[in-house]
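Colleague: whatever this is, show me its structure:
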Amino acid sequence: MLSKLKSLFKRKKDRNIDEYDIDEKELDSILSKGAILVDVRSPQEYEEGHMEGAILLPEYDIRKKAKTLLPNKNMNIIVYCSSGTRSKKAQEELQEMGYTKVYNLYNGFQNY
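Modeller: Numbering: from 1, shown residues only. Next up, the predicted model:
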């Protein structure tokens with residue numbers, strides 16, 4: 001039974017990775033090229049701790065505030081959350097809005 005549960009959790013954690021999902025090595029590389037780091041968690045989560053230099057843009061506010069906070073749709077943008085789930089959704093929303101270089105920190109902030 002325990003091994004079955006572990007298998008289920010592993011599958012959830014290892015969801016499909018696409019070309020715009022990045023790991024910590026790629027994160028450093030893209031940040032060194034002047035990317036904007038966007039925390040899509042709640043304001044409370046952000047206040048409890050966030051990555052240095054990140055701006056707060058909660059996933060639920062993407063459609064309302066992205067144009068103001070992220071005016072250049074061609075710049076490198078890295079989105080993250082706690083686990084990578086909300087940031088994946090935020091990434092997809094930004095891409096639908098015309099942002100061309102949006103990267104999702106795969107597995108999220110939990111590793112930092």
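Colleague: Glu93 is in contact with Ile62, isn't it?
Modeller: Yes. With contact defined as CB atoms under 8 Å, Glu93 and Ile62 form a contacting pair (4.7 Å). Just so you know, the C-beta spots here come from the backbone N, C-alpha and C atoms, and that holds for glycine as well.
Colleague: ok, the two, which is more surrounded?
Modeller: Shown here are Glu93 and Ile62; by other CB atoms under 10 Å, Ile62 has more neighbours (25 against 17).
Colleague: contacting residues for that one?
Modeller: Taking CB atoms under 8 Å, 6 or more residues apart in numbering, we find Ile62 in contact with Val40, Ala90, Glu93, Leu94, Met97.
Colleague: please identify the buried residues of the helix or strand where it lies?
Modeller: Ile62 belongs to helix 62-69 when elements are defined using DSSP states H and E. Within helix 62-69, the residues that count as buried by 16 or more other CB atoms under 10 Å are Ile62, Ala66.
Colleague: which helices and strands sit right next to the helix or strand following that helix?
Modeller: Under the assignment DSSP H and E, the closest C-terminal helix or strand after helix 62-69 is strand 76-80. Under the contact definition 3 or more CB pairs under 8 Å, 6 or more residues apart in numbering; DSSP states H and E, strand 76-80 sits against helix 24-31, strand 36-39, helix 85-96, strand 101-105.
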